[in-house]
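Colleague: Using only what follows, build the 3D model:
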Amino acid sequence: MARQTAAVCPAQVTTIGAIGLLLQRGGADRRLGALSGLLADSESVLIVHRPERRAVVRRSGRAPTTYLKLVRPDRLATHVNAMRLDGQAGFRTPVVLAADASTGTIECTALAGRSLHGLLGETGVSGAASAAFRAAGAAVRDLHGSAPPAGVGCHDALAEAEVVDRWIGHALAHGTFTVAQAVVARSALADAQSRLARLVPPTSSSLIHRDLHDKQILVDDDGGVGLLDLDTLAIGDPALDVANLLAHLELRVVQGQGSPAGARVAADAFLEGYRPTPELMERVATYVATSRLRLACVYAFRPRW
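Modeller: Numbering: from 1, shown residues only. Reported below is the predicted structural model:
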């Protein structure tokens, strides 16, 4: 991998062999080959880079600001189809302005509004913030009722358990979990799987976001809702999305980005807008447990807040 990445961007790659670390500067990426060139432009700012998977670049030196998403070329069509859900339901997605299959580059508009993450601190005192969470719940329900775009795969309870187990393995392999912590985490995961198996399954699978959280949802001044990062769309249990959003609200309290009372107000408003059935809420409670496990693994690799 190091040799192939260095062949694409020879001056931007450093290998620290003693610890097996590869430093990729300035957008060096063997699979997202257009990234380093985009970042050479002073008007471009890197927002996200997941090496060999995807990157997001903001271009703000021109009017209006646009965003460039880079994906592996073989995944471009799926990403573009997902972003064209706008208009099918009660939410907005970024408008695709251009797409280049040869480089895996998609240029799209910015979404108006504030993220739920930014509004979370206001939910204890602001009726407008509560209204935004209510609108978000209704929009997510609309997403779950939307027709799936072409190329969307399935993601059931077993697939989600495999994702969490893989993260536990990463945490153990890199020393952010001890062996004892990994054993406890896997035991909790097995318990959650067992509980899910005993619950009433969804009557039908739905289109789900699969990585839904408070930074993925924006609400404008008129109550219009926008959804970001639809590249994880799948057919699955809508309870997973609801649970993931609720687990992230818990996380924000731990991070000091909201009060317990504010998080409860936000959660209640979201659920009021979503209008879940009792059967779905039973599954939500179990999926919240698996979401907590995954977040514990993911954030074990990040600096403390």
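Colleague: so the closest residue to V57 other than its chain neighbours is in which element?
Modeller: Distances taken as C-beta to C-beta, 6 or more residues apart in numbering put L68 closest to V57, at 4.4 Å, once the chain neighbours are dropped. Any C-beta I mention is one placed from the backbone N, CA and C, and that applies to glycine too. If you go by DSSP states H and E, L68 is part of strand 66-71.
Colleague: Can you give me the buried ones in the following helix or strand past that strand?
Modeller: Using DSSP H and E, the helix or strand that directly follows strand 66-71 along the chain is helix 76-83. Buried residues in helix 76-83, counted by 16 or more other C-beta atoms under 10 Å: 76, 78-83.
Colleague: Which other helices and strands does helix 76-83 contact?
Modeller: strand 96-100, strand 105-109 (3 or more C-beta pairs under 8 Å, 6 or more residues apart in numbering; DSSP states H and E).
Colleague: mind running it again at 10 Å?
Modeller: Secondary-structure packing of helix 76-83 (3 or more C-beta pairs under 10 Å, 6 or more residues apart in numbering; DSSP states H and E): strand 66-71, strand 96-100, strand 105-109.
Colleague: Out of those, which one sits most buried?
Modeller: For the helices and strands packed on helix 76-83, average neighbour numbers computed from mean count of other C-beta atoms under 10 Å are highest in strand 66-71, which has a mean of 22.
Colleague: what mean pLDDT does that strand have?
Modeller: Mean per-residue pLDDT for strand 66-71: 95.
Colleague: Strand partners (parallel or antiparallel) of it?
Modeller: With DSSP bridges as the test, strand 66-71 is paired with strand 54-59 (antiparallel), strand 105-109 (antiparallel).
Colleague: which residues sit against the last one?
Modeller: Which is strand 105-109. Strand 105-109 is contacted from outside by 32-35, 38, 55-57, 59, 64-71, 73, 76, 79-80, 83, 92-100, 231, using C-beta atoms under 10 Å, 6 or more residues apart in numbering.
Colleague: ok, back up a step: out of the helices and strands packed on helix 76-83, the one nearest A239 is which?
Modeller: Of all the helices and strands packed on helix 76-83, it is strand 66-71 that lies closest to A239, at 27.9 Å by C-beta to C-beta.
Colleague: For the closest one, output the C-alpha coordinates as PDB.
Modeller: Output of strand 66-71 as PDB, limited to C-alpha atoms (Å, rounded to 0.1, in the frame of the first residue of the first chain):
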ATOM      1  CA  THR A  66     -19.900  23.900  -3.300                       C
ATOM      2  CA  TYR A  67     -18.700  20.600  -2.000                       C
ATOM      3  CA  LEU A  68     -16.700  17.900  -3.900                       C
ATOM      4  CA  LYS A  69     -17.100  14.300  -2.800                       C
ATOM      5  CA  LEU A  70     -14.500  11.900  -3.900                       C
ATOM      6  CA  VAL A  71     -15.200   8.100  -4.000                       C
END
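Colleague: Quick check: buried residues in stretch 172-179?
Modeller: Using 16+ other C-beta under 10 Å as the test for burial, stretch 172-179 gives 172, 176-177.
Colleague: Might you calculate how far it sits from the centre of the chain?
Modeller: With C-alpha atoms, centre = their mean, to the nearest Å as the basis, stretch 172-179 stands 24 Å off its chain's centre.
Colleague: Likewise for stretch 41-61?
Modeller: 17 Å.
Colleague: do stretch 263-281 as well
Modeller: In terms of C-alpha atoms, centre = their mean, the gap separating the centre of stretch 263-281 from the centre of its chain is 20 Å.
Colleague: How about that stretch, which residues are buried there?
Modeller: Across stretch 263-281, burial judged by 16+ other C-beta under 10 Å covers 263, 265-267, 269-271, 273-274, 276, 280.
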